[in-house]
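need a 3D model of the sequence below.
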Amino acid sequence: MRDWDMTIPRTYLAAPVAHPVERRSSDRFLPYGPSPRTAARRSKTMVRYVGLDVHPKEVEACILDGTGRVALRARVACTREALGAFARRQLARQDRVVLEATCNTWSVASLLRPYVADVVVSNPYKTRLIAHAKVKTDKVDAYVLAQLLKSGFLATVWAPPDDVLKRRRLVSRRSGLVSDRTVVKNRIHAILHQRLITAPFSDVFGVGGLEWLKKVPLDPEGREAVDSDLRLLETLDQEIEPMDEALAKEAYGDPRVKLLMTMPGVDVGVAMALLAAWGDISRFPEPDKAAAYLGLVPRVQGSGDKCYYGPITKEGRSHARWMLVQAAQKMDANPGPLGHFFRKLLRKKNRSVAVVATARKMAAIAWQMLTHNEPYRYALPVQTQMKLSRLRVVATGEKRPSGRPKGTKLPNFGSGIRTKTIPSLSEVYEKEGLPPTREFEKLTAAEQRGMQKMGVEVFARDIRKPHTVIITKEKAQKEP
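This next block holds a predicted model:
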């Protein structure tokens, strides 16, 4: 060998083809290689990379040795028995396994994790090498996944623990049942609209509305359809009720749920959906990362001095994003900072843009609340107390006494004036075991200026002290 050959790195001389799809499995045609005894000895100590292309019925596996050569190809039935047998016979403790995120990914990952050193899940949206390949088969996909894992260029996703997966399944199932119930209600509304019948109730599916639906005169076809949908509606209510109780019991034992429920528009379902999507909030170093995980940030395309902001990415947990968007729909009537932010956008943009932008802001605020273990600073005391009390009653059945102590008279007793005492926000949080909120004077100067600029300073000061409301037939007038 000449002297200048020694200066060239060996990795450069033996560099593989850049695109692994073009390379495929041509290693088997090489005229040289280790002896079978050497290969067997190396396989016991060498880290291997296993790519799995998972489908509902079968799994395509490709195992690469430490040098990048195909050591084994196999097609296994996607069952617990078949995957367990494959893991016991073909996998080793030092192996690393990769598979794409799909419907049954986490079940396969939990089944294989005890047999190997590591199981990672790739992000299919970022694995463009597979999505844009000209030759795309199950064998090629498994091979490319193994090659990307070996080279360290694989975009992975966070593997949630078992308790988070259980919470995700519970929240998703309840959401599916509620969606089915909404479909049934919409069918009943359609039957009434088709026959030009107007219900005399604002809530057709309340106690009085359901009795009216059972007796309203309809043609035989319409009566049969309404009775069938009413039976389905009753069945769905029976399935959703115990699920709500289980969800409330799990939520009541998690103090993070109570923190999130102090935010306007957020109930048990929204709080549980956010926690199921985020898991450990410390994974996100800043609030923008947490919002981006829900797909609530805009798409950005920048080049040189030009930058284009498009619609939101819609990546991540779609269910949690949808729940947060539904919670933001109620912000137009909120008197606090969130309501001001919503109404300000509504004057310049359409309602959909304002709702999504408010949902993104709520995600950022939720990150701050969970990170600093602090409830929402500008919550309405009465509404917040009702939400937290409802959660406590459903979860534990505990009903705390309310009103004045026995034997004490009202201040206006005998005058004919009805009054109601509204507690301060700190009193509500203290009764429910939440950390106290800051007084307005202890807020940062920048936050105080922001409240003044938005015109909600009076509201921010008012919710931090108890006051009495005079109840009249016409309106409720506040008395300092």
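
surely residue 121 is within a strand?
Yes: the assignment for residue 121 is a strand, going by DSSP: H, G, I helix; E, B strand; the rest coil.

report the contact partners of it.
98, 99, 100, 101, 105, 106, 109, 156, 157, 159 (CB atoms under 8 Å, 6 or more residues apart in numbering). No exception for glycine: its C-beta is placed from N, CA and C like everyone else's.

any idea how far the closest residue to the second one other than its chain neighbours lies from residue 230?
Closest residue to residue 99 apart from its sequence neighbours, by CB to CB, 6 or more residues apart in numbering: residue 52 at 4.1 Å. From residue 52 across to residue 230, the span is 47 Å (CB to CB, to the nearest Å).

neighbour-wise, which of those two wins?
residue 52 (28 against 16; other CB atoms under 10 Å).

ramachandran angles for the residue nearest to residue 99?
phi -120, psi 120 (degrees, to the nearest 10).

okay, it: pLDDT?
Confidence at residue 52, expressed as pLDDT, is 95.

what bridges to it?
residue 61, residue 99 (DSSP bridges).

thought it was touching residue 61?
Yes: the criterion here is CB atoms under 8 Å, and residue 52 meets it with residue 61 at 5.5 Å.

could you name every residue contacting both of the two?
Shared contacts of residue 52 and residue 61, defined by CB under 8 Å, 6+ apart, are found at residue 142.

centre of the chain to stretch 140-160, how far?
24 Å (CA atoms, centre = their mean, to the nearest Å).

tally of neighbours for residue 123?
Residues near residue 123, counting by other CB under 10 Å, number 14.

in contact with it, which residues?
Residue 123 makes contact with 101, 155, 156, 157, according to CB under 8 Å, 6+ apart.

in strands only, show me these.
Applying DSSP state E to the contacts of residue 123, no entry is found in strands.

that older thread, relative to residue 65, how far out is the residue nearest to residue 99?
Taking CB to CB, one finds residue 52 at 17 Å from residue 65.

now do residue 162
Applying CB to CB to residue 162 and residue 65 gives a distance of 32 Å.

swap in residue 123?
If you go by CB to CB, the gap between residue 123 and residue 65 works out to 26 Å.

and what of residue 361?
For residue 361, the distance to residue 65 - CB to CB - is 51 Å.

could you list the buried residues of stretch 384-397?
Neighbour counts over stretch 384-397 (16 or more other CB atoms under 10 Å) mark 384, 385, 387, 388, 389, 391, 392, 394, 395 as buried.

any stretches of the stretch 151-300 of the chain with poor pLDDT?
Residues of the stretch 151-300 of the chain meeting the criterion pLDDT under 70: none.

show me where it has its strands.
Under the criterion DSSP state E, counting those that start in this stretch, the stretch 151-300 of the chain carries strands at the ranges 298-303.

could you do the stretch 301-450 of the chain as well?
Shown for the stretch 301-450 of the chain, the strands assigned by DSSP E, counting those that start in this stretch span residues 306-312, 418-422.

packing partners for the last one?
Counting contacts by 3 or more CB pairs under 8 Å, 6 or more residues apart in numbering; DSSP states H and E, strand 418-422 is packed against strand 467-471.

CA atoms of the strand it packs on as PDB?
What follows is strand 467-471, C-alpha atoms only, in PDB (Å, rounded to 0.1, in the frame of the first residue of the first chain):
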ATOM      1  CA  HIS A 467     -67.800  41.000  49.700                       C
ATOM      2  CA  THR A 468     -71.600  40.900  50.000                       C
ATOM      3  CA  VAL A 469     -74.100  40.900  47.200                       C
ATOM      4  CA  ILE A 470     -77.600  42.200  47.600                       C
ATOM      5  CA  ILE A 471     -80.100  39.900  45.800                       C
END
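
other SSEs contacting that strand?
Using 3+ CB pairs under 8 Å, 6+ apart, the elements in contact with strand 467-471 are strand 418-422, strand 476-479.

ok now that strand, how far from the chain's centre?
A distance of 40 Å separates the centroid of the chain from that of strand 467-471, by CA atoms, centre = their mean.

give me the angle between it and strand 418-422.
Angle of strand 467-471 versus strand 418-422, following axes from the mean of the first three to the mean of the last three CA atoms, to 10 degrees, is 150 degrees.

quick check: buried residues in strand 467-471?
Buried residues in strand 467-471, counting neighbours by 16+ other CB under 10 Å, are absent.

show me the shaky parts of the stretch 301-450 of the chain.
In the stretch 301-450 of the chain, residues with pLDDT under 70: 401-417.

what segments of it are helices?
Taking DSSP state H, counting those that start in this stretch as the test, the helices found in the stretch 301-450 of the chain are 318-328, 337-348, 351-372, 381-396, 425-431, 445-454.

what helices or strands is the longest one leaning on?
If I follow you right, that is helix 351-372. Applying 3+ CB pairs under 8 Å, 6+ apart, we find helix 351-372 packed against helix 255-261, helix 268-278, helix 287-293, helix 318-328, helix 337-348.

mind exporting the first one as CSV, just the C-alpha atoms?
In other words, helix 255-261. Extracted in CSV, the C-alpha atoms of helix 255-261 (Å, rounded to 0.1, in the frame of the first residue of the first chain):
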residue,chain,number,x,y,z
PRO,A,255,-53.5,17.6,43.3
ARG,A,256,-52.5,18.7,39.8
VAL,A,257,-56.1,18.3,38.6
LYS,A,258,-57.3,20.7,41.2
LEU,A,259,-54.7,23.2,40.2
LEU,A,260,-55.8,23.0,36.5
MET,A,261,-59.5,23.2,37.5
